[in-house]
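Peer 1: just a sequence and a predicted model for now, questions to come.
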Amino acid sequence: MRPVFRFAPSPNGPLHLGHALSALLNHTAARASGGRLLLRIEDIDSARCRPEFEAMIYQDLAWLGLGWEEPVRRQSEHFADYRAALGRLQSMGLVYPAFESRAEIRALVAAREASGQPWPRDPDGAPLYPGSAGRLDAAERARKLDAGTPHVLRLDTRAALARIGRPLAWLEEDYGDIPADPSAWGDVVLARKDSPTSYHMAVVVDDALQGVSHVVRGRDLYAATAVHRLLQELLGLPAPRYRHHRLIVDAAGHKLSKSTGAASLQALRAGGATPADVRRLIGLD
Ligand code: GLU
């Protein structure tokens, strides 16, 4: 079987040098192994993703000299697949609605921390979900649902781990088995009121559906792999091999990000940079 790689950008801003590194590493690894390279557009967040950013992704990758297989999978066209996976987890009794808004959760956390108790954080630094919804009794839950109260759907991580009943790990290229600790993330969101899926859910479903055998992505997603392994295991999906690559940082040592306005590939190109310059800037030559 030919290895299958994928580059999976979100069209919520212009690509920057960090994306170029991911795309080029996937391309090189696919070439070297006689594998395939897929492009996946991760556009589940309709509020932030825009067609013009998607168009820029195609332009940037073509400019870098990358090819990919058609058709490109656009996640927004496959919500039914993610709903089906969610339905399977629901039928296992592992999903519950949580009604607190983000602001309410922040207030809860702030109140607790004001009284001197630290609140546990996930590996990205976000406060863990306090989990009160998990303790709502069935009648109260049904009443809120009937009343159309906005909510997200969360994974009951503890119950999910109990169901698996053994430690999880993932295979990290060049390192070997890495123990996976999904509980560090608490009860992750699987679907929101404005999106029938979440990043974790969609990425796991798509990697399996597309037969992805090798996931090459930034180190910022290293810890999230624990959640992906848990979902794969619950849904009976194969686990790809993973390679989390170094991140490109700015002069101040911060990870490049769209939100902090890192120089885009478009801007570099407009300023006269060549694809060879990009490779040099990200240390590939
Ligand atoms: N869509 C994610 C991003 O743009 C990448 C997801 C992944 O590679 O698993 O950061």
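Peer 2: Okay, I see it. Residues are numbered from 1 along each chain as shown.

Peer 1: how about the nearest residue to Leu265, chain neighbours excluded?
Peer 2: The spatially closest residue to Leu265, leaving aside those adjacent along the chain, is Asp60, at 4.5 Å (Cβ to Cβ, 6 or more residues apart in numbering). Any C-beta I mention is one placed from the backbone N, CA and C, and that applies to glycine too.

Peer 1: contact partners of the helix or strand containing that neighbour?
Peer 2: Element membership of Asp60, judged by DSSP states H and E, is helix 51-63. Helix 51-63 is contacted by residues 7, 9, 11-15, 19-20, 23, 39, 41, 43, 68, 74, 265-266, 269, 275 when judged by Cβ atoms under 8 Å, 6 or more residues apart in numbering.

Peer 1: near the ligand, from the residues you listed?
Peer 2: Filtering the contacts of helix 51-63 for proximity to the ligand (criterion: Cβ under 6 Å from any ligand atom) leaves Pro9.

Peer 1: any chance you could map the helices in the protein?
Peer 2: Taking DSSP state H to define them, one finds helices in the chain at 17-32, 51-63, 79-91, 102-114, 138-146, 157-164, 199-209, 225-235, 265-270, 275-281.

Peer 1: dump the residue contacts of Leu268.
Peer 2: The neighbourhood of Leu268, defined by Cβ under 8 Å, 6+ apart, consists of Leu17, Asp277, Val278, Leu281.

Peer 1: and the furthest pair within these?
Peer 2: Spanning the widest gap among the contacts of Leu268 are Leu17 and Asp277, at 10.4 Å by Cβ to Cβ.

Peer 1: which one of these two has more residues nearby?
Peer 2: The residue with more neighbours, out of Leu17 and Asp277, is Leu17; 21 against 14, by other Cβ atoms under 10 Å.

Peer 1: I'd say that one and Leu247 touch.
Peer 2: No. Look at Leu17 against Leu247 with Cβ atoms under 8 Å: they stay out of range, at 10.0 Å.

Peer 1: overlap in contacts of the two?
Peer 2: Shared contacts of Leu17 and Leu247, defined by Cβ under 8 Å, 6+ apart, comprise Leu256.

Peer 1: report the beta-bridge partners for the residue of the stretch 101-250 of the chain found nearest the ligand.
Peer 2: Of the stretch 101-250 of the chain, the residue with the smallest distance to the ligand, taken as Cβ to the nearest ligand atom, is Arg217 at 3.6 Å. For Arg217, the residues forming beta bridges with it (DSSP bridges) are His244.

Peer 1: how about the contacts made by it?
Peer 2: Ala8, Ser22, Tyr242, Arg243, His244, His245.

Peer 1: and for the first one, the neighbour number?
Peer 2: Applying the criterion other Cβ under 10 Å, we find 23 residues in the vicinity of Ala8.

Peer 1: any idea how far it lies from Arg73?
Peer 2: Noted for Ala8: a distance of 9 Å to Arg73, by Cβ to Cβ, to the nearest Å.

Peer 1: enumerate every residue touching the residue nearest to Val249 when sequence neighbours are not counted.
Peer 2: Computed as Cβ to Cβ, 6+ apart, the closest residue to Val249 that is not its neighbour in sequence is Lys255, at 5.9 Å. Contact analysis of Lys255 by Cβ under 8 Å, 6+ apart lists Gly18, Asp220, Leu247, Ile248, Val249.

Peer 1: how near is the last one to Gly93?
Peer 2: From Val249 across to Gly93, the span is 43 Å (Cβ to Cβ).

Peer 1: now do the second one
Peer 2: The spacing between Asp220 and Gly93, counted by Cβ to Cβ, is 32 Å.

Peer 1: neighbour count winner among the two?
Peer 2: For Asp220 and Gly93, the more surrounded residue by other Cβ under 10 Å is Asp220, and the numbers stand at 14 against 11.

Peer 1: what's that one in contact with, if anything?
Peer 2: Taking Cβ under 8 Å, 6+ apart, we find Asp220 in contact with Leu247, Lys255.

Peer 1: mind doing that once more with 10 Å?
Peer 2: Gly18, Pro123, Asp124, His244, Leu247, Lys255, Ser257 (Cβ atoms under 10 Å, 6 or more residues apart in numbering).

Peer 1: so which bits of the helix or strand bottoming out on mean pLDDT in the chain are buried?
Peer 2: For the chain, using mean pLDDT, DSSP states H and E, the weakest element among its helices and strands is helix 102-114, scoring a mean of 87. Using 16 or more other Cβ atoms under 10 Å as the burial criterion, the residues of helix 102-114 that qualify are Ile105, Leu108, Val109.
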